[in-house]
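Chemist: Give me a 3D structure for the following:
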Amino acid sequence: MTTSTVPSHTSVEDRQAIGEQARENTPISSQADWEPAAGRPDPVELLVEQNATREADLVPVRHGRMTVSPFTFYRGAAKIMATDLATTPMAGLVVQLCGDAHLSNFGGFASPERQLLFGLNDFDETLPGPFEYDLTSVVHGPTGCRLRHRTRRPKNLPSQHPTCVRYRSGCSTHWTQRWSTHDDEHRPQPHQRRGPPGDRRTGA
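Modeler: This is a model prediction of the structure:
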């Protein structure tokens, strides 16, 4: 794994320069395509290896849940994704990863000030690693959801591109603003759609 190229206690300007250099060394276009690496492990064998440290009685339950849809398989295949991402280009910017940043691991929480906060709720696989890992996981989550609900969009661009744009704009703000930003739960967001009562596929 590539170690971080960002020294401690750097200024915003220095960090921006480091990021621009990292983007030059590892352009966005290098992330456009993925090909299986030579000698790629069998994904099923990776899951079988994990079973050795799991509760034997719960393994069939886990596998049953993974076979429901592409998204449920994606939820249980963190090791497979990490193995595939390990051979992709990395910019050398190491962060503390969630390690399993799919859509179902985000949620709403009540703050001490009685405000609704939105964030990650699963950190049992957290570890230092390239920032691309979590970003790739977040961006590809909607793909599995659309496959589950049989919706089709060309090249997944309509949902993945805005996610990346919002991530980039969020990273460009001052850290104090990033940690304190919140939305009012009573204010509908532009991407939310109203559906029939009981339709859980619409809305937030």
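
Chemist: Now the longest helix along the chain: buried residues?
Modeler: Counting residues, the longest helix found in the chain (DSSP state H) is helix 131-148. For helix 131-148, the neighbour count (16 or more other CB atoms under 10 Å) marks 131-146 as buried. In this view, the C-beta of every residue, glycine as well, is placed from N, C-alpha and C.

Chemist: Spit out the contact partners of the closest residue in space to residue 134 that isn't next to it in sequence.
Modeler: The shortest distance from residue 134 to any non-neighbouring residue, by CB to CB, 6 or more residues apart in numbering, is to residue 101 (4.3 Å). When contacts are counted by CB atoms under 8 Å, 6 or more residues apart in numbering, residue 101 touches 120, 134, 137, 138.

Chemist: rerun at 10 Å
Modeler: Applying CB atoms under 10 Å, 6 or more residues apart in numbering, we find residue 101 in contact with 78, 120, 122, 125-126, 133-139, 141.

Chemist: Could you work out the most separated pair of those residues?
Modeler: 126 and 139 (19.0 Å; CB to CB).

Chemist: From residue 64, how far out is the residue nearest the centre of the chain?
Modeler: Closest to where the C-alpha atoms of the chain average out (CA atoms, centre = their mean) is residue 138, at 2.5 Å. Distance from residue 138 to residue 64, counting by CB to CB, to the nearest Å: 26 Å.
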